[in-house]
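[1] what follows is a predicted protein model with its sequence.
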Amino acid sequence: MTVPDPFYRSHPSEEISMEPSVLQMLDVHKHFGRTHALKGVDFELRAGEAHALLGENGSGKSTLMKVAYGEVTPSSGQVMLRGETVSFANPLQASRAGITMVAQEVPVVESLTVAENIALGRLPGRAVRVDWRDARRAASEALDELGSGIRADQLVGSLGPGDRQVVAIARAVAAKSSVVIFDEPTSSLTAELTESLFEIIRRMKQRGLAIAFISQRLQDIEPVADRVTVLRDGALVDTLDIADADESTITRLMVGRSLTDYFHREISTGDSSAAEPVLSVRDLRVPDRVDGVSLDVRPGEVVGLAGLVGCGRVEVVRSIFGADAATGDVTVAGRPYQRRTPRGSIKRRLALVTGDRKGEGLLPAASVMHNLTMIPNSRLSLMPIRAGGQRRDAVAAMRELHVRPDDPSLPAGSLSGGNQQKVVIGRWLAGSPQVLLMDEPTRGVDVGAKSEIYRLIRELASQGVAVVISSSENVELLGVCDRVLMMLRGRVVADQPAHQLDELTIAEHVAGVHHV
């Protein structure tokens, strides 16, 4: 029996033999208190294949891989490595057995060199003496195998996100791992870095490694995956060969239904062309970032900001809110807004959903209830906070936003990425904003949660809220926005209705190659 390898798709006559199982997980269950996170899941990894693991946020895919890596202890079930039953008490034991995880947020020590980071946990030498020459040699060999130009003596703190990820992968190669688990590896990478990662994964497959690939992005699956397994609500839905895993099939398996209107265009936002702008910006400037941006947004209008990384679109939404310093005139509901600050913006019913969910958007150690009710409570002066009413408001918001699990006392940081994002958005909705500014509103969010967020955006617009969205996903901007402003080097170079645009036109404008 043979399976196609995506790396050889341009040569259909070439085939590879089905390799034996390296990792098997049988009937795995995991309970976290009352939450049944894994419900009898089976999963298999073969040598020389990349097996994609998909599912909505909270479906159990990361928990399953953490069981394989020894980070989570299963409530029941069996894990087999190369035909033998194993039970890892911690990730160090799993790593020594040949299983490595490359996390979404790459764990590196910035003050150490590349070689020192690669050798962490298994420094060569005897007794208390470390053989640094051997460590540098092993690091260089691993980097060379990956086709990387990174030097072993470079400080990791000087590397960008893509190169840091290469260091983490080189750690797995140097450790002679047979199983490598990638957890959302492309969520913070540019398109160029993503393609570089795919090339590395192809090389690892050729060396016979077994690759597990967790992703929220369906476009990441086809270039590298041989098989796809879909989880929903902690249970196995199906395992498919990549040839059978088209986008509509995967979407249906992930969410349990067809997304007939993914962007919820059926929710009308009405005709806002005759209305006075609720937000007006004139000659907005941020040194070296934004160079004289002007825009108007009317009630019920959804306006998108498109552009490459560093074009200034992020700084536009942040400086309007007062999170970043800028010059220029901003008017909200007909009233000039000077000396902009986050506190002042909240008073004027401006909201900012930041692109840095963990660093700025959420208090991960605080409860979901506390996170959801922060904005209304910030408006109180000497009035006491009524815990009963606070909990009631939080439960109602969680029900409206479909936050899972539905326990408002849980720490917000314990939720999946998509549910955390719903909490961040829900907090601002509690303040009844008249202008909603959003930076990468669906970053790290699965397809089902994305559709729910688009529904919220369209419903807010239908209620008269003015929405501004900065996004790196042109499909998202075309689908949910009424109008798109395209930015290049800090300036708006085009402003067109979304229905008159396509992905290619946006890409040409933001790259500076559009021909009229």
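    Yes, it's here. Numbering: from 1, shown residues only.

[2] name the spans of the stretch 301-450 of the chain whose pLDDT lies under the cut-off.
    Scanning the stretch 301-450 of the chain for pLDDT under 70 picks out the ranges 376-388.

[3] just the helices in it please.
    313-321, 342-347, 368-372, 374-378, 387-401, 417-429, 447-462 (DSSP state H, counting those that start in this stretch).

[4] ditto for the stretch 1-150 of the chain
    Taking DSSP H, counting those that start in this stretch as the test, the helices found in the stretch 1-150 of the chain are 61-68, 91-96, 114-119, 132-145.

[5] and those as TSV, adding distance to residue 455, mean neighbour count and mean pLDDT?
    Just so you know, the C-beta spots here come from the backbone N, C-alpha and C atoms, and that holds for glycine as well. Formatted as TSV, the helices of the stretch 1-150 of the chain follow (distance: least, C-beta to C-beta, whole Å; neighbours: other C-beta atoms under 10 Å; pLDDT from 0 to 100):
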stretch	distance to residue 455	mean neighbour count	mean pLDDT
helix 61-68	24	25	94
helix 91-96	38	17	90
helix 114-119	43	26	86
helix 132-145	45	18	83
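
[6] okay if I get those helices as CSV plus distance to residue 224?
    As requested, the helices of the stretch 1-150 of the chain are arranged in CSV below (distance: least, C-beta to C-beta, whole Å):
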stretch, distance to residue 224
helix 61-68, 16
helix 91-96, 23
helix 114-119, 23
helix 132-145, 17
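
[7] what helix or strand is residue 237 on?
    Using DSSP states H and E, residue 237 falls within strand 235-241.

[8] and that strand, C-alpha only, in CSV?
    Output of strand 235-241 as CSV, limited to C-alpha atoms (Å, rounded to 0.1, in the frame of the first residue of the first chain):
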residue,chain,number,x,y,z
ALA,A,235,-13.7,13.1,20.4
LEU,A,236,-12.3,11.7,17.2
VAL,A,237,-14.4,12.6,14.2
ASP,A,238,-12.4,11.2,11.3
THR,A,239,-9.0,10.5,9.8
LEU,A,240,-8.5,11.2,6.1
ASP,A,241,-5.8,11.0,3.5
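
[9] show me the contact partners of that strand.
    Surrounding strand 235-241, the residues in contact under the criterion C-beta atoms under 8 Å, 6 or more residues apart in numbering are 3-4, 39-43, 55, 60, 226-231, 249, 253-254.

[10] what is whichever helix or strand comes after that strand packed up against?
    For strand 235-241, the following helix or strand on the C-terminal side (DSSP H and E) is helix 247-255. The helices and strands touching helix 247-255, judged by 3 or more C-beta pairs under 8 Å, 6 or more residues apart in numbering; DSSP states H and E, are strand 50-54, strand 227-232, strand 235-241, helix 447-462.

[11] according to the record, where do the domains of this structure fall?
    By the assignment in automatic domain parsing, the chain contains the domains 276-349+433-516, 361-432.

[12] adding mean neighbour count and distance to residue 134, write those domains out as TSV.
    As requested, the domains of the chain are exported to TSV (neighbours: other C-beta atoms under 10 Å; distance: least, C-beta to C-beta, whole Å):
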stretch	mean neighbour count	distance to residue 134
domain 276-349+433-516	19	38
domain 361-432	17	39
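
[13] quick one on the thing from earlier: pLDDT on the strand holding residue 237, on average?
    Mean pLDDT, computed over strand 235-241, is 95.

[14] strands paired with that strand, and their directions?
    For strand 235-241, the paired strands and their directions (DSSP bridges) are strand 227-232 (antiparallel).

[15] now the partner strand against strand 50-54, angle please.
    Computed with axes from the mean of the first three to the mean of the last three C-alpha atoms, to 10 degrees, the direction of strand 227-232 lies at 20 degrees from that of strand 50-54.

[16] got the CA coordinates for strand 227-232 in CSV?
    Taking Å, rounded to 0.1, in the frame of the first residue of the first chain, the C-alpha atoms of strand 227-232 are listed here in CSV:
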residue,chain,number,x,y,z
ARG,A,227,-3.1,12.6,6.6
VAL,A,228,-5.5,14.7,8.6
THR,A,229,-7.3,13.8,11.9
VAL,A,230,-10.2,16.0,13.0
LEU,A,231,-11.3,16.3,16.7
ARG,A,232,-14.5,17.9,17.9
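
[17] I'd like the average pLDDT over that strand.
    For strand 227-232, the per-residue pLDDT values average out at 93.

[18] can you give me how far it is from the chain middle?
    For strand 227-232, the separation from the chain centroid amounts to 18 Å (computed by C-alpha atoms, centre = their mean, to the nearest Å).

[19] about what we covered before: off-centre distance for the strand holding residue 237?
    Per C-alpha atoms, centre = their mean, the displacement of strand 235-241 from the mean C-alpha position of its chain is 22 Å.

[20] any idea of the angle it forms with helix 61-68?
    Computed with the same axes, to 10 degrees, the direction of strand 235-241 lies at 90 degrees from that of helix 61-68.

[21] of all the helices of the stretch 1-150 of the chain, which one comes closest to residue 506?
    Nearest of these to residue 506, taken as C-beta to C-beta: helix 61-68 at 31.4 Å.

[22] what helices and strands are in contact with the closest one?
    Using 3+ C-beta pairs under 8 Å, 6+ apart as the contact test, the elements touching helix 61-68 are strand 21-32, strand 35-46, strand 50-54, strand 76-81, strand 99-102, strand 179-183, strand 210-214.

[23] and with 7 Å instead?
    Packing contacts for helix 61-68, counted by 3 or more C-beta pairs under 7 Å, 6 or more residues apart in numbering; DSSP states H and E, involve strand 21-32, strand 35-46, strand 50-54, strand 179-183, strand 210-214.

[24] okay if I get the ones you listed as JSON lines plus mean pLDDT?
    Supplementary listing: the helices and strands packed on helix 61-68 in JSON lines, determined by pLDDT from 0 to 100:
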{"stretch": "strand 21-32", "mean pLDDT": "95"}
{"stretch": "strand 35-46", "mean pLDDT": "94"}
{"stretch": "strand 50-54", "mean pLDDT": "94"}
{"stretch": "strand 179-183", "mean pLDDT": "91"}
{"stretch": "strand 210-214", "mean pLDDT": "93"}
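
[25] same list, these, but as JSON lines with distance to residue 148 and mean neighbour count please.
    Compiled in JSON lines, those are given as follows (distance: least, C-beta to C-beta, whole Å; neighbours: other C-beta atoms under 10 Å):
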{"stretch": "strand 21-32", "distance to residue 148": "25", "mean neighbour count": "18"}
{"stretch": "strand 35-46", "distance to residue 148": "24", "mean neighbour count": "20"}
{"stretch": "strand 50-54", "distance to residue 148": "19", "mean neighbour count": "26"}
{"stretch": "strand 179-183", "distance to residue 148": "16", "mean neighbour count": "25"}
{"stretch": "strand 210-214", "distance to residue 148": "18", "mean neighbour count": "24"}
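
[26] in JSON lines: those strands, plus distance to residue 162.
    As requested, the helices and strands packed on helix 61-68 are arranged in JSON lines below (distance: least, C-beta to C-beta, whole Å):
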{"stretch": "strand 21-32", "distance to residue 162": "27"}
{"stretch": "strand 35-46", "distance to residue 162": "25"}
{"stretch": "strand 50-54", "distance to residue 162": "19"}
{"stretch": "strand 179-183", "distance to residue 162": "14"}
{"stretch": "strand 210-214", "distance to residue 162": "17"}
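
[27] wait, which of the ones you listed is closest to residue 483?
    For those, proximity to residue 483 was assessed by C-beta to C-beta; strand 50-54 is nearest, at 32.8 Å.

[28] ok, residues contacting that closest one?
    Around strand 50-54, the neighbours that count as contacts under C-beta atoms under 7 Å, 6 or more residues apart in numbering are 45, 61, 65, 201, 205, 211-215, 221, 224-230, 250, 254.

[29] related to what we said a few turns ago, what's the closest of the helices and strands packed on helix 61-68 to residue 91?
    Going by C-beta to C-beta, the one of these nearest residue 91 is strand 179-183, 10.6 Å.

[30] thank you kindly, that will do.
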